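Enquirer: Provide a 3D model corresponding to the input given below.
(chains A and B)
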2 protein chains.
Amino acid sequence: MTPSMQRLLGELRKLPGVGAKTAERMAYFLLREPKEEALALAEAIQEVREKTIPCSTCGHLDERDPCSICSDPSRDPYVLCVVEESRDLFAVERLGEFRGRYHVLGGRVAPLLGKEAEDLGLDSLARRVAEGGVREVILATNADVEGDATALSVRRALEALPGVGSASGPVRVTRLARGLPSGSQIEFAGAGVLKEALALRRDL
Amino acid sequence: MTPSMQRLLGELRKLPGVGAKTAERMAYFLLREPKEEALALAEAIQEVREKTIPCSTCGHLDERDPCSICSDPSRDPYVLCVVEESRDLFAVERLGEFRGRYHVLGGRVAPLLGKEAEDLGLDSLARRVAEGGVREVILATNADVEGDATALSVRRALEALPGVGSASGPVRVTRLARGLPSGSQIEFAGAGVLKEALALRRDL
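Expert: A predicted model of the protein is given here:
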């Protein structure tokens, strides 16, 4: 194996979900396909890093600032969906249901990895809410331990603002529902999922 | 999703084993990691394509011509291991057992894909054998239908040369052994594997 192949293998292995075998298959593919095809991937990486910038309003990664969502007048600026990462924003956008705007934290609270609430730039979210008009902040963090911790941190930061969080206040703070995933069968549900679905049962 | 992200996703999806979800995870990783890390992958691809050339003797992909194996005087030039692709060569090299040289076909006979024996550049292999001195040609093609067809095509091309293939001739043409993979259990062997192992049974 040549030095340049070793280097490529090393870089490919850094990609998520790519182990030694997969990296070898990919490297070999990049060596064997027509040169312009292999270079197209290299150029696409360079282009995306050149053009993509975080939106100074919501933190979303886009080619313009403010991003295409923040600058879309048809989107309700007073309903904010808070997500951990831009990839979560893409997932919500794919539904084509949500017509509000977003706030991308760019991370999550993960004490074991040294990620605290202070690293999430909650100030800019608080500023958006403090400017007034916001009716609802939807916490769309992941449904796991870090996602729960992140949601709590956001709520805590917002509760310091006037009118936030109290049932009668003008700003609701909500969170995505938890329970059995739609279409699933109880027989195959994980114990944690079923336990939570039971605890959070609703009147029918 | 921005045009540059779409383009990157499209390029990533061309990699072997990468579907829509994996491509998204990779693209997002490339967007979020430090810029120089993402660009290092792009540069590694460009470098490997700039530096890698096929060996004019054996067809192996290397940074020099003749390749490091063909130009290694300690490797026996009279035992040739014929492989379909350079990645197969790497697999044999990893064993650290084989001290001969290689011939990389750069493909396989696959009539359904329109790949015939004529596309394999068997002339250059025949020339190496015709130059004299070769004692053995080991056919290390894959153990599948196309690999079998490829091995047969190579043998046929070589048999046209004087002294090849006859048991008493100076040039042996051999093929990798077939049977139960070492360490495997009969209970779990596929029917095709077991059938072949039975048909090819050897005296103990």
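Enquirer: Kindly state the domain boundaries assigned to chain A.
Expert: Domain segmentation of chain A under automatic domain parsing yields A:3-51, A:61-203.
Enquirer: ok, of these, where does mean pLDDT dip lowest?
Expert: Mean pLDDT is lowest for domain A:61-203 among the domains of chain A, at a mean of 89.
Enquirer: Let me see the ranges of the helices in chain A.
Expert: A:3-13, A:20-32, A:35-51, A:86-95, A:122-130, A:145-159, A:191-199 (DSSP state H).
Enquirer: Adding distance to chain B, write these out as JSON lines.
Expert: For every residue, glycine as well, the C-beta is placed using N, CA and C. What follows is the helices of chain A, written out as JSON lines (distance: least, Cβ to the nearest Cβ, whole Å):
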{"stretch": "helix A:3-13", "distance to chain B": "4"}
{"stretch": "helix A:20-32", "distance to chain B": "5"}
{"stretch": "helix A:35-51", "distance to chain B": "4"}
{"stretch": "helix A:86-95", "distance to chain B": "5"}
{"stretch": "helix A:122-130", "distance to chain B": "18"}
{"stretch": "helix A:145-159", "distance to chain B": "16"}
{"stretch": "helix A:191-199", "distance to chain B": "21"}
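Enquirer: can you put those helices in TSV and add mean neighbour count?
Expert: Formatted as TSV, the helices of chain A follow (neighbours: other Cβ atoms under 10 Å in any protein chain shown):
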stretch	mean neighbour count
helix A:3-13	19
helix A:20-32	18
helix A:35-51	18
helix A:86-95	16
helix A:122-130	17
helix A:145-159	18
helix A:191-199	12
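Enquirer: which ones are touching the spatially most central residue of chain A?
Expert: Most central in chain A under Cα atoms, centre = their mean is residue A:85, positioned 2.4 Å from the mean C-alpha point. Counting by Cβ atoms under 8 Å, 6 or more residues apart in numbering or on different chains, residue A:85 makes contact with A:104, A:105, A:106, A:107, B:28, B:32.
Enquirer: Show the backbone phi and psi for it.
Expert: Residue A:85 adopts backbone torsions of phi -140, psi 160, taken as degrees, to the nearest 10.
Enquirer: Which residues does residue A:61 form beta bridges with?
Expert: Note on residue A:61: beta-bridge partners residue A:54, judged by DSSP bridges.
Enquirer: Kindly tell me how buried it is, as a neighbour count.
Expert: 23 (other Cβ atoms under 10 Å in any protein chain shown).
Enquirer: pretty sure it is touching residue A:54, no?
Expert: Yes - Residue A:61 lies in contact with residue A:54 (Cβ atoms under 8 Å); the separation is 5.8 Å.
Enquirer: Give the residues shared as contacts by the two.
Expert: residue A:104.
Enquirer: Start and end of stretch A:95-104, how far apart?
Expert: 18 Å (Cα to Cα, to the nearest Å).
Enquirer: ok, residues contacting that stretch?
Expert: A:54-55, A:58-61, A:69-70, A:74-86, A:88-89, A:92, A:124-125, A:128, A:136-138.
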